[in-house]
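In: I would like to see how this sequence folds:
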Amino acid sequence: MKDVRTVRTLTRVAILIGLSAAGACIKVPALTGTPALDSAPGYFAALALGATEGAMVAAAGHLLTALTAGFPLSVPIHLLIAGGMAGCAWAVAICRARKGPWWAFAVGVFLNGMVFPAAFVPIPGFGPAFFTVMLVPLLVASALNLGLAVVVYEAAVRARLGWAVPGPAEATRAGREGRTS
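Out: Just a heads-up that it's a prediction; the model follows:
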């Protein structure tokens, strides 16, 4: 039984990485050309499958979108950003499990749209100018990616497709609404 779950999870992660590749081609206008809809599948994986799977898909999604833009900030910087995306997806998964998907949305947008770009301010060559230029595109891209992921996650939970297992916050809400799973 555990082998079937492992194969199923690996298949789902592979499908979501493939969707990240498609999303990497849908860009949000920005100076670097890397904000795109690549991280929605990563956030969905974080919400539906868990922190590890979400981190893997989000990191792969960023590397794919950086590849489509020609790694404009250099390969090491994009590897650092991929690690940051993995961390954001990890935080989204933890927040979804404790507070629900819309809290995860708010935390994810804040981390990915504001905190993560602010971490680049002390890096030589970036500074406050990079933060200022990237703030709005990253907030917009984060809100789009996380909003899409949460809406699809909520639909998957309600449709009982087997992709998403409701966490304690969703189970409590379903109990209040009189739904049974």
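
In: from here on, just use CA atoms for contacts and neighbour counts.
Out: OK.

In: in contact with residue 69, which residues?
Out: Under the criterion of Cα atoms under 8 Å, 6 or more residues apart in numbering, the neighbours of residue 69 are 32, 33, 34.

In: again, 10 Å this time
Out: Residue 69 sits next to 24, 25, 27, 32, 33, 34, 35, 63 when contact means Cα atoms under 10 Å, 6 or more residues apart in numbering.

In: and the gap between it and residue 24?
Out: In this view, residue 69 and residue 24 are 9 Å apart by Cα to Cα, to the nearest Å.

In: where do the helices sit along the protein?
Out: 2-23, 40-48, 51-69, 75-99, 101-110, 116-118, 127-159, 168-177 (DSSP state H).

In: where among these is the average confidence lowest?
Out: Of all those, mean pLDDT reaches its minimum on helix 168-177 (a mean of 60).

In: so who does the spatially most central residue of the chain touch?
Out: The chain has residue 43 as the residue nearest its centroid, 3.0 Å off, counting by Cα atoms, centre = their mean. Residues near residue 43 by Cα under 10 Å, 6+ apart: 16, 49-51, 53-55, 57-58, 85-86, 88-93, 104-105, 108, 142, 145-150, 153.

In: what is in contact with residue 69 and residue 24 at once?
Out: Common neighbours of residue 69 and residue 24 (Cα under 10 Å, 6+ apart) are 34, 35, 63.

In: just give me the closest of the residues you listed to residue 134.
Out: Taking Cα to Cα as the measure, residue 134 lies nearest residue 35 of the shared contacts of residue 69 and residue 24, at 9.2 Å.

In: neighbours around the residue lying closest to that closest one once chain neighbours are set aside, how many?
Out: Leaving out its chain neighbours, the residue that sits closest to residue 35 by Cα to Cα, 6 or more residues apart in numbering is residue 28, at 5.4 Å. The number of residues packed near residue 28 is 17, by other Cα atoms under 10 Å.

In: is it true that residue 28 touches residue 65?
Out: No: using Cα atoms under 10 Å, residue 28 makes no contact with residue 65, being 11.1 Å away.

In: so what sits against both of these two?
Out: 34, 35, 36, 37.
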